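Chemist: When you get a sec, could you give me coordinates for this:
(chains A and B)
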Amino acid sequence: MKEKDEIADLFHSKLSHHAEQVDPALWSKVQAGLKVSSITTAGSVAGKSIGVVKTLIIASGLVVVTGTVAVLVLNKDSQNTQDALVPTSQNNDAINSQEQPSLSSPSQITIEAPKSDRLTEKPDGKELAQETEYVNYQSKDDELGLVSAPHKTIKNLPENLEKAQPETKAQQPRVDAKPSTENQSESSAASPNPKNELSSLLINNIPNIFTPNSDGKNDVFSIPVTEGVTHTTKIFSAKGELVASFDEKTNGWDGTILGGNEAANGTYFYVTFVSDSQGHEQQYKGSIYLKR
Amino acid sequence: MKTEEMSEQELIEGCIRNHPATQERLFKTFSGKMLAICCRYASNRVEAEDMLQDGFIKVFSKIHLFRSQGSLEGWIKKIMVNTALDTLRKNKRLITNELDEERDVEDFSMRPGNQLEAKDLIVLIQTLPTGFRTVFNLYAVEGYTHKEIGELLGISENTSKSQYSRARAQLQKMLAIQEMPNQ
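Modeler: Just a heads-up that it's a prediction; the model follows:
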């Protein structure tokens, strides 16, 4: 029920069907990107065919590298399940899916994933559900500093925005295995492995220093939660006094203490409870150094 | 090169098979509109093209998940919007709650009267701070509700409303410069 809004109407009418001229060169860039991604797709097929279902997708970059080097360890995965082997992708989609092209070759590529490497992505929304329209993509990789092809960041999400909470994210290696859920369809999105979720509550590490001197840089200490995630955070001085508290709706801590004075330079401690709409919670504690 | 020759279904199936010519056709069919979307979210053309590129790669690698209940265009569009949001987020421009400060309204020389064209409007939108621009796009052009926007961006519904009304006011001011001196 929107009120009448001429500005919105104007922009909507002029822009919702507007098309721009596309530079033909863009197509070749897309194509180049696709080549990289087809390798991972192939990996995923291997995963499916073996019947190992994992939800972890390794960053495509890694896939490319390790994939070629670490060769087909096909047999292995039947046994060593969870941790060691990480098929590279959304096995889940796999299942429901139609044939995947271009998988010709490496139907058996599996990758031995060193525990450390991954950036991952969990295709929990694997089924686009009926509301195919609600594909929601999250890309988080960059946060880990890994650079890679765009597709690895993909993730779909289901039906409605509520569910569209990002669950992808850098994950702890040990957490990644997830039972096969092919038929679970969209419900899987709603009931993700809680362990996976924990690490996805934050989009970044919590900083450990900030400089509230109004220079526009790092003036506020805030908890970098993923969108849709709530938190409550308390800041304590070294003496243990509560000096500030904030949550995701407020901007973070600007270095003023309760009562309005500026906090002195020094170390403060925070305790933050982070939770998402699906009930996953995590508590983080740490220190933050304030320097003006 | 007209897409009518090929039904949407064929287009989709070809893309699922990773058939390059079909992929290209799909790209050519939708890229113009999609680029227009990206332009609204990006602050410049280059960023928009990056979004477009990432978005299409997602489209192609996910197209086997497309279910025909909705329109293909609508599906692609959603991917583009989400890709655009991801890009902004990645660039760390979307993570704070009170998205950005207001920028000074610049003087804009545009076509007089009501003859504003889409390109002019895009230019106006691009002058908005990222937070305003994002909310404005989602609400006014894409037609999301404030509740949905709040969830999408991780801000409260009220923040979305206030961002929108400030964005709107700013646009109105800019439009008023040539259109309605009485405003």
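
Chemist: how deep is the closest residue to chain B within chain A tucked in, by neighbour count?
Modeler: Residue nearest to chain B within chain A: A:E227 (2.7 Å; Cβ to the nearest Cβ). The way it works is simple: take the backbone N, C-alpha and C, and place the C-beta from them, glycine included. For A:E227, the count of nearby residues is 21 (other Cβ atoms under 10 Å in any protein chain shown).

Chemist: Isn't it up against B:I149?
Modeler: No. Assessed by Cβ atoms under 8 Å, A:E227 is found out of contact with B:I149, at 10.7 Å.

Chemist: Give me the common contacts of those two.
Modeler: Taking Cβ atoms under 8 Å, 6 or more residues apart in numbering or on different chains as the contact rule, the neighbours common to A:E227 and B:I149 are B:I155.

Chemist: Any part of stretch A:247-257 near chain B?
Modeler: Yes. Judged by Cβ under 8 Å from any Cβ of the partner chain, stretch A:247-257 comes into contact with chain B at A:E248, A:K249, A:T250, A:N251, A:G252.

Chemist: Can you check the distance spanned by that stretch, start to finish?
Modeler: End-to-end distance of stretch A:247-257: 15 Å, with Cα to Cα, to the nearest Å as the criterion.

Chemist: Now it: average pLDDT?
Modeler: Regarding stretch A:247-257, the rounded mean pLDDT is 83.

Chemist: Counting neighbours, which bits of stretch B:36-46 end up buried?
Modeler: B:A36, B:I37, B:C38, B:C39, B:R40, B:Y41, B:A42, B:S43 (16 or more other Cβ atoms under 10 Å in any protein chain shown).

Chemist: same thing with stretch B:118-132?
Modeler: B:118-122, B:124-132.

Chemist: how about that stretch, does it get close to chain A?
Modeler: Yes. Using Cβ under 8 Å from any Cβ, stretch B:118-132 reaches chain A at B:A118, B:L121, B:I122, B:I125.

Chemist: Stretch B:81-88 too?
Modeler: Yes. Residues of stretch B:81-88 are located near chain A by Cβ under 8 Å from any Cβ, namely B:N82, B:T83, B:D86.

Chemist: Name the next helix or strand following the helix or strand encompassing the second one along the chain.
Modeler: What it means is B:T83. Element membership for B:T83 (DSSP states H and E) is helix B:72-90. With elements assigned by DSSP H and E, the helix or strand that comes after helix B:72-90 is helix B:118-127.

Chemist: How many neighbouring residues does the residue nearest to B:F56 when sequence neighbours are not counted have?
Modeler: With Cβ to Cβ, 6 or more residues apart in numbering or on different chains as the criterion, B:F56 has its nearest non-adjacent residue at 4.7 Å, and that residue is A:V30. For A:V30, the count of nearby residues is 21 (other Cβ under 10 Å).

Chemist: For A:V30, give me its contacts.
Modeler: Per Cβ under 8 Å, 6+ apart, neighbours of A:V30: B:F27, B:Q53, B:F56, B:I57, B:F60.

Chemist: For ChimeraX, write the selection for the buried entries among those.
Modeler: Selecting the buried subset of those in ChimeraX, with 16+ other Cβ under 10 Å as the burial test, is done by:
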select /B:27,53,56,57,60
